[in-house]
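In: Please find the sequence and the predicted model below.
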Amino acid sequence: MSSSTTETDETRIKRFLAIASHDLQSPLRHIAMYAEILLDEIGDRVDGEHLEYLRTILAKTQAAQELTKGLIGFASGTPRLTIRDVDTRLLVGQIWAELRFEVDAPKATIEMGDLPGVRTDAGILGLVLKNVMANGLMHRADADEACRLTIEAEADASQWAIHIADNGPGIAREHQENIFTAFWSLQPEGAARRPGLGLAAARELVTALGGSISLQTSAETGSRFTIRLPVQ
């Protein structure tokens, strides 16, 4: 892939993220506002389960607001990173709880190895992990197949390495150089067309964290991605 093509892809990704994040600010602000109104006006009249639903809506919306603000900064070339201690196991668990139903993979399972905490931006790392995990869930050999993800991590003095492996059909060698290209996607037969931004966005986002992402191995028994982050 030529450098000019790479630069064009980066520009397109950043433009997309900037526009999408900007346009989401207004509806997210209104969702948060109405959730707060409901909590104030009927919070004492609903049962505990429904009260927790409202609190979850507000918390998720506020998290999305912060994330979109961060993405706008990233797209403008001035990322605002909030570096803090991140419980990687907890973060992966939260992503998994949401993702397996979003992707319609209720039979999917996950195996988490040693996942020590890292110091990084939790929102950006969460997006990177979610995109890679979603890729493994969506590109399974059969819609009814029980997809299995394995996530583990290791560290040395300078960097963390997070490994995400799946049991999917693998990526043909002739396509492996394209998987991080913006708007390119290997479409399973009969599947709805996907935008092809997940892995491309993951690469740009992890770069903003000072790290990298690569396809380490891929065969008929599955693929293994590695995310590398600097030790803060």
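Out: Right, received. Where do you want to start? Keep in mind the model is a prediction, meaning the values are calculated, not measured.
In: Which residue ranges of the chain form helices?
Out: For the chain, helices defined by DSSP state H occupy the ranges 3-42, 48-75, 88-102, 122-138, 198-208.
In: Mind pulling up the pLDDT for the spatially most distant residue from the centre of the chain?
Out: Residue farthest from the centre of the chain, counting by Cα atoms, centre = their mean, is Arg45 at 36.5 Å. The score at Arg45 is 86. That number is its pLDDT.
In: ok, now Ala155?
Out: Looking at Ala155, the pLDDT reads 86.
In: Specify the beta-bridge partners of it.
Out: Trp160 (DSSP bridges).
In: Just list the residues touching it, thanks.
Out: For Ala155, the contact set (Cβ atoms under 8 Å, 6 or more residues apart in numbering) comprises 116, 161, 231. Glycine gets a C-beta too; all of them are placed from N, C-alpha and C.
In: distance of it from Lys130?
Out: Note on Ala155: its distance to Lys130, by Cβ to Cβ, to the nearest Å, is 22 Å.
In: again, but for Ala172
Out: 25 Å.
In: So which of those two has more stuff around it?
Out: Taking neighbours as other Cβ atoms under 10 Å, Ala172 and Lys130 compare with Lys130 leading, 20 against 10.
In: Which residues are in contact with the nearest residue to that one once chain neighbours are set aside?
Out: Using Cβ to Cβ, 6 or more residues apart in numbering and skipping the chain neighbours, the partner closest in space to Lys130 is Ile95 (5.0 Å). Ile95 sits next to 126, 129-130, 133 when contact means Cβ under 8 Å, 6+ apart.
In: Can you select the buried ones among these for me in ChimeraX?
Out: Those of the contacts of Ile95 that count as buried under 16 or more other Cβ atoms under 10 Å are selected in ChimeraX with:
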select :126,129,130,133
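In: quick check, nearest of the contacts of Ile95 to Gly73?
Out: Gly126 (16.3 Å; Cβ to Cβ).
In: Could you find the closest non-adjacent residue to that closest one?
Out: Nearest non-adjacent residue to Gly126 (Cβ to Cβ, 6+ apart): Leu91, at 5.7 Å.
In: Just the pLDDT for that neighbour.
Out: Model confidence at Leu91 (pLDDT) stands at 94.
In: now Ala143
Out: 56.
In: Can you tell me how far Met112 is from Met138?
Out: Taking Cβ to Cβ, one finds Met112 at 20 Å from Met138.
In: Settle it for me: which of these two has more neighbours?
Out: Set Met112 next to Met138 and count neighbours by other Cβ under 10 Å: Met138 wins out with 19 against 15.
In: Report how many residues lie close to the residue lying closest to the more buried one once chain neighbours are set aside.
Out: Distances taken as Cβ to Cβ, 6+ apart place Val103 nearest to Met138, at 5.7 Å, with adjacent residues excluded. With neighbours defined by other Cβ under 10 Å, the count for Val103 comes to 17.
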